[in-house]
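>>> build me a model:
(4 chains)
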Amino acid sequence: MDFELSPEEKAFQKEIREFLDKECNENVVAETLSLQGAGPYSKELLRKMGANRLLAPRWPEEYDGRGMGAMAEAIKVDEINSHHAPFPLDGVEIGNALLISGNEEQKKRFLPGIASGEIDIALGYTEPNAGSDIASIQLRAVEDGDHFVLNGQKIYNSEAHVCEYHWLLTRTDPTAEKKHRGLSMFIVDLKSPGITIRPLITSGGLRTNEVFYEDVHVPRENLVGEKNGGWAVIMSALYGGGGGGGLATGTKNVINTLVKYVLEEKQDADENKWIPEAMADLYVKTHVGELMGVQATAFADLKVTPPYGGGGAVSRLLSGDTRRLLYNTAMQILGPYGQLAKDSKWAPLKGEILREFMDAPRWTIVHGSQEIQKLLIATRGLGLPRK
Amino acid sequence: MDFELSPEEKAFQKEIREFLDKECNENVVAETLSLQGAGPYSKELLRKMGANRLLAPRWPEEYDGRGMGAMAEAIKVDEINSHHAPFPLDGVEIGNALLISGNEEQKKRFLPGIASGEIDIALGYTEPNAGSDIASIQLRAVEDGDHFVLNGQKIYNSEAHVCEYHWLLTRTDPTAEKKHRGLSMFIVDLKSPGITIRPLITSGGLRTNEVFYEDVHVPRENLVGEKNGGWAVIMSALYGGGGGGGLATGTKNVINTLVKYVLEEKQDADENKWIPEAMADLYVKTHVGELMGVQATAFADLKVTPPYGGGGAVSRLLSGDTRRLLYNTAMQILGPYGQLAKDSKWAPLKGEILREFMDAPRWTIVHGSQEIQKLLIATRGLGLPRK
Amino acid sequence: MDPRLSEEQEILRKSARDFLTDKCPKTLVREMEKDEKGYSPELWKEIADLGWMGLAFPEEYGGGGMSSLDLAILLEEMGRVCFPGPFFSTVICGGLPILDAGSDAQKRKYLPDIISGKTIFTLALTEASGKYDAASVKVKATAENGNYIINGTKLFIPDANVADYILCVARTDDKAKKPEDGITVFIVDAKSQGISTTVLKTIARDKQCEVVFNGVKVPKENILGELNQGWGDVQKIIERAAIAKSCEMLGGMEMVLDMTVAYVKERVQFDVPVGVFQAVQHHCVYMLVEVEGSRATAYEAAWRLSTGRPYSSEAAITKAWVSDAYQRVVALGTQSHGGVSIMEDHDLPLYFRRAKAAELAFGDARFHRKTVARNLGFKV
Amino acid sequence: MDPRLSEEQEILRKSARDFLTDKCPKTLVREMEKDEKGYSPELWKEIADLGWMGLAFPEEYGGGGMSSLDLAILLEEMGRVCFPGPFFSTVICGGLPILDAGSDAQKRKYLPDIISGKTIFTLALTEASGKYDAASVKVKATAENGNYIINGTKLFIPDANVADYILCVARTDDKAKKPEDGITVFIVDAKSQGISTTVLKTIARDKQCEVVFNGVKVPKENILGELNQGWGDVQKIIERAAIAKSCEMLGGMEMVLDMTVAYVKERVQFDVPVGVFQAVQHHCVYMLVEVEGSRATAYEAAWRLSTGRPYSSEAAITKAWVSDAYQRVVALGTQSHGGVSIMEDHDLPLYFRRAKAAELAFGDARFHRKTVARNLGFKV
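Prediction:
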């Protein structure tokens, strides 16, 4: 048993941390916190990270990775989050799926671009009538010689407006008896004629998108996996990436910032006696979630099923709950000042707590709602019966 | 709008409170707190209460009631609880169902006895394989001339060992297509040959029973409602009684006792600063649960469906959660002393908190688990679809 | 006991709901969030003409002579639609305190204009601490030639940007032994020299302001109630406002529950309405617990207030429960809706944002639990 | 990073589980709850012969030379079966402190007998306050002719009814400036004159005792560690015991989860196993969160302890999390089981009762959250 990062992982953590300390400047942070998608400064930073092989440490060296494990990926995500650097989540995650499901030509075509920070790929799963029930998607792809013709609509495709490609789940067989058997996955060039991207803004101020397809022609070589084999590809993207949860440096930073704020502004008041224990409770939950996450990640790197099989999903569930509790508590600490937006007079802590508080509901819904996660843990992790 | 008890209800509250202040002596309280079922002192008190028409205020005067409403019933329950008097729950509740589903002869035969405290009737629904799923019960009743022959087993039938009769749900038609169509309800004399009662003890120390039926002959006149019409009778018992939730004098007494304990024993210690707010939170929840309960009861007396239709079930759900929180909090307050049983040296508050803490899990399970209550609120109250 | 509304109250509710459904759609609510004033003068005039401002004032001042309970119903309906504007500030924090504590002359001078919709009031109570206790009142008023001169900064003052008058809570004797002593309430003309107002940008996009008093001169006849004895009146204002705000919040919660129940009956995933899923049902059931609890306690408190019974304890219990309840209702409603409800153009975030602002107004749950704890016998 | 057990540890776990399944059935556990001594001398001898008492002691004293982490695994298995008896008191609260702080002579005198199962130890730390802080140590030891005379009452002392020796934490200098100073640990022969022991009746039916010291004479060579400097050692004992207790609790939780998952797969209601109901699934999922979280943090803490890394902070985090987690696991397990599990003869209440006792031992969640808060920078 050993709970320390390996020397190689520690070196990677040090490298990316020092790199971001230096390169992730205030322009980048401002773009990240604006929630408007990766802007020019962010794109530049991503390219610099790519040039230093910091974006896809898990991929083989031939694809500009470092041949490291899920733990290195978790370290990368943690450092990006805690620095408020832009998050090339989708491109690299899709790359993970491409490594499993793509053909050689596709890997050569896309992976180096992703790893170098030149291209990013947006997820295209959800539709207005297919949220948790992804297998119900309707965006139609009809085969026509050497290409497919696509018609339909996606929704909540974040970053699509700043990405080069779309990782698009389509319906190729509407007559399939089981609806998840009629799906196919494509990588679509977002500059293709017939694609319209419209902004959608969340209540937390995050820019996301609706993407409309109208007679969009996509070459056959952009089909990932088999025709009507899209379900296997999506599963490789959702679960094949493996890994558990991550480190929680960002959350711990927020806790420490709040502690500092309380010690400076509020310590003496008798009515704030509840705060130390509440912050301690949050710290405990954060730390335990982090431990579960990294241990699950370590199990994944060892290709061992962790005891009880819950793996990283359990850590993510706890972290989602903790995140909500953290920002609720933070807002209670700030009192009436908490309601002040960042560009208001008197806004505390640059309005960051309020921004996160308003963004928090998203975290238990997107990327698989908590309800879906619980279903997977119950049935896959604990082996409980499905209906 | 008026949230005060009516003058008649206030008078009834005063009457029963003063009666119990005087008559509910320590012998009775000891029997109640022993959880072994109504003993001789309790039986005597019940008869005295009956003689003063305090047991069934809701029944018509001809059956020794007072012709009052559900609120009077709630007042009675509250005073009995807060005095630790014996609780003739089942007899009177079953009487309510008899008023709806019984024939004239049955009402005359049983109601006066119940109202006078002479007889009590035990509920007989649950079986080892039929808990939440009551319609699955198997205890078989076979018609044979002017009587029925009963075979099978009930479980968790509290008070059966001190009751005169059994309110017994049986299966009369095992071939019915829908299983709740083949049920019939009987009132069975528990002295009938072939009945065996065996004790079961809960982890909280409550005596309950298994009841075995072996070729028990029950006369036809003891069939309540129609043959195979038992489901309607059980519904009249479960819901027909109407009414909401009750007053919470007992719970408020516990809170006040704890406050007194804290003020006397723990006030100064810095680490106990969390207690006042925790107790306040419990008081708020108790008070709100009480208000919901009595308002739902008032709506029932007015024969008006309350807004949103949740009625007393919503109050009971909150009260169940609050009860668990109360005893968890109380145990935390008592610290290591909390684990001391009542007959141990150093046991605080006569060990009553520990007894209630150990008994608490029962309250979210028995008399309809919280899961079943939520299903009913969701589908009946909010009109959400069933599968 | 009869928890039903009277027939007149049912009519009041229905007419208010019909009117607001028609005249206060979400488009207006959103427009007013961006509007500099934050309210629609046309709609303001209409509700004045309907008698809403005057509802709970005696007829002698032009009011409707109805009760606090009737007003509670109106507030509940306003909360349902996120009604924008200075109604609460004017009526609950301006008019009613004057009715309670004002001299005859003050009542005659101010109430008719409030009732007719001509003047807007607000209450300047909170300061840098953001708290609702007496010790936090540091703005000073100093006697000078029959006037008082007010100096200091008030924070989180609703609708001060459009107010004609401000009830300013100030310290007139800083040598008093207890923080509760030496406080006086002044009726201040908002156009007085030395007042400067800055609108703060808040989550609810309501118009909470910083109001700086810089040598503001107020004639001594503008003292509301007694000199140095003002805290009792302020306490009463806070308690009444806590109840009134809870009624508004109840309306908001009901709307969130209604929206959610309707949505989960209709939204199909996995070939069934999502409302058949047990987890969604339980979300809705717990929302109902919060809503029914809020209704039970808010109505009880409003009824006690309305019938002259003591209500301090019930005000604290109500605001403590309702403050938490609204947060939970919104959270569960959002989780039940899924992605659609975290979009800015969905109605749910409107309630999410208002729930937070309302939680903070007139004491959050923790503040009121402290009162409950005190009533239980704790020294906190 | 490698969260796996070593092969030897897997073997240790399996052999311990096999042994305990065979030799420590619930019938024995229940019998020992009623037994006056609270443990089975036969079983005690058997585990001594298996080397369990000596597992983590150096070979020179007859121990197994294994690590705290190995011991953690054993404790987890003991927690799984609610192992009765003074193992924890003897090894964690008696032997290991002597190994840490004892003189060579003390180690040679006491450790071999502990390891061979000949003597039983316990720790007498807590007093009337029930707390684990230095200020609560009021039992006094006064120097007199080369001996110390101990007077006072210790409360909640586990297994004192069968202990041969008691590590007694006493105040030897009540003029010290800080409560942490002036505390000394004594190794007291439990048969000394002046000691009287009363078994308390507890929820877990373990043998927690009141131990009254009435002029008990202890030779000064029985001081463990340094005179007046004992609190540092006690602190270490508490932290290590908090980790060890957490491992025991982890085992208990795992068993409750296993029992519950097995039951809901098999129990049929409404014609399906109740495990298909979403509410039951969510109960189980949240149990898993608690169990996996407990495992992650308990193992990390035990590993740090075992490898000589600092572990104070992790000990506090672990016991804070695990204390709450066990309560919740038992509550959710009970709710998932329904009526059957609230019966005295069901196994679940055994865990319910032990979860409460274990929560309280060596500091409850609140006590340890205070330490975490202190580490965050708060002055609490």
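
>>> what helices and strands are in contact with the longest strand that chain A contains?
In chain A, assigned by DSSP state E, the strand with the most residues is strand A:207-219. Contact partners of strand A:207-219 among helices and strands, from 3 or more Cβ pairs under 8 Å, 6 or more residues apart in numbering or on different chains; DSSP states H and E: strand A:147-155, strand A:183-189, strand A:195-201. No exception for glycine: its C-beta is placed from N, CA and C like everyone else's.

>>> buried stuff in the last one?
Using 16 or more other Cβ atoms under 10 Å in any protein chain shown as the burial criterion, the residues of strand A:195-201 that qualify are A:195, A:197, A:200.

>>> would you list the residues you listed in a markdown table and tack on pLDDT and distance to residue A:33?
Formatted as a markdown table, those follow (pLDDT from 0 to 100; distance: Cβ to Cβ, whole Å):
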| residue | pLDDT | distance to residue A:33 |
| --- | --- | --- |
| A:195 | 98 | 28 |
| A:197 | 98 | 22 |
| A:200 | 95 | 19 |
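
>>> spatially central residue for chain C, please.
Most central in chain C under Cα atoms, centre = their mean is residue C:245, positioned 4.1 Å from the mean C-alpha point.

>>> can I assume that one is in contact with residue C:360?
No. Assessed by Cβ atoms under 8 Å, residue C:245 is found out of contact with residue C:360, at 10.0 Å.

>>> quick one: stretch C:248-265 near chain B?
Yes. Counting by Cβ under 8 Å from any Cβ of the partner chain, chain B is contacted by stretch C:248-265 at C:257, C:261, C:264-265.

>>> tell me how far that stretch is from the chain's mean position?
20 Å (Cα atoms, centre = their mean, to the nearest Å).

>>> again, but for stretch A:172-190
For stretch A:172-190, the distance to the chain centre is 23 Å (Cα atoms, centre = their mean).

>>> what distance separates the start and the end of that stretch?
20 Å (Cα to Cα, to the nearest Å).

>>> give me the mean pLDDT for that stretch.
Mean pLDDT, stretch A:172-190: 95.

>>> check whether it comes near chain C.
No. Residues of stretch A:172-190 are not located near chain C by Cβ under 8 Å from any Cβ, the shortest gap being 9.0 Å.

>>> pull out the buried residues from that stretch.
In terms of neighbour count (16+ other Cβ under 10 Å), stretch A:172-190 has its buried residues at A:172, A:179-180, A:182-188, A:190.

>>> out of those residues, which is nearest to chain D?
residue A:180 (20.4 Å; Cβ to the nearest Cβ).

>>> let me see the contact set for the residue of chain A found nearest chain B.
Among the residues of chain A, residue A:273 lies closest to chain B, at 4.6 Å counting by Cβ to the nearest Cβ. The neighbourhood of residue A:273, defined by Cβ atoms under 8 Å, 6 or more residues apart in numbering or on different chains, consists of B:273-274.

>>> pLDDT wise, what is the residue sitting furthest away from the middle of chain C at?
Most distant from the centre of chain C: residue C:271, at 43.6 Å, with distances by Cα atoms, centre = their mean. pLDDT, residue C:271: 91.

>>> with residue C:320 instead?
pLDDT at residue C:320 comes out at 98.

>>> could you do residue A:108 as well?
Looking at residue A:108, the pLDDT reads 94.

>>> residue A:97 too?
Model confidence at residue A:97 (pLDDT) stands at 89.

>>> not counting sequence-adjacent ones, nearest residue to it?
With sequence-adjacent residues excluded and distances taken as Cβ to Cβ, 6 or more residues apart in numbering or on different chains, residue A:97 is closest to residue A:237, at 3.6 Å.

>>> so stretch A:374-387, near chain B or not?
No. Interface with chain B: stretch A:374-387 contributes nothing (Cβ under 8 Å from any Cβ), its closest point being 9.1 Å away.

>>> how about residue 94, what does it touch?
You didn't pick a chain, so chain A it is. A:114, A:121, A:123, A:167, A:187, A:237.

>>> my question was about chain C, not that one.
So residue C:94 contacts C:110, C:114, C:120-123, C:165, C:167 (Cβ under 8 Å, 6+ apart).

>>> could you dump these to JSON lines with secondary structure?
Output for the contacts of residue C:94, formatted as JSON lines (DSSP: H, G, I helix; E, B strand; the rest coil):
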{"residue": "C:110", "secondary structure": "helix"}
{"residue": "C:114", "secondary structure": "helix"}
{"residue": "C:120", "secondary structure": "coil"}
{"residue": "C:121", "secondary structure": "strand"}
{"residue": "C:122", "secondary structure": "strand"}
{"residue": "C:123", "secondary structure": "strand"}
{"residue": "C:165", "secondary structure": "strand"}
{"residue": "C:167", "secondary structure": "strand"}
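
>>> now list the buried members of those residues.
Buried subset of these (neighbour count, 16+ other Cβ under 10 Å): C:110, C:114, C:120-123, C:165, C:167.

>>> CSV for the residues you listed, including pLDDT?
Converted to CSV, the buried ones among the contacts of residue C:94 look like this (pLDDT from 0 to 100):
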residue, pLDDT
C:110, 98
C:114, 98
C:120, 98
C:121, 98
C:122, 98
C:123, 98
C:165, 98
C:167, 98
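
>>> Throw those residues into CSV and include distance to chain B, thanks.
CSV is the format used below for those (distance: Cβ to the nearest Cβ, whole Å):
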residue, distance to chain B
C:110, 30
C:114, 26
C:120, 31
C:121, 28
C:122, 29
C:123, 26
C:165, 33
C:167, 30
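
>>> nearest to chain A, of the residues you listed?
Checking the buried ones among the contacts of residue C:94 against chain A with Cβ to the nearest Cβ, the nearest one is residue C:123 at 14.3 Å.

>>> what is the neighbour count of residue 369?
By default, I'm working from chain A. Neighbour count of residue A:369, defined by other Cβ atoms under 10 Å in any protein chain shown: 18.

>>> not what I meant, chain C
28.

>>> what's the answer for residue C:16, then?
Neighbour tally, residue C:16, other Cβ under 10 Å: 23.

>>> same question, residue A:329
19.

>>> if I look at it, how far off is residue A:323?
11 Å (Cβ to Cβ, to the nearest Å).

>>> isn't residue C:257 right up against residue C:291?
Yes. Using Cβ under 8 Å, residue C:257 makes contact with residue C:291 at a distance of 5.2 Å.
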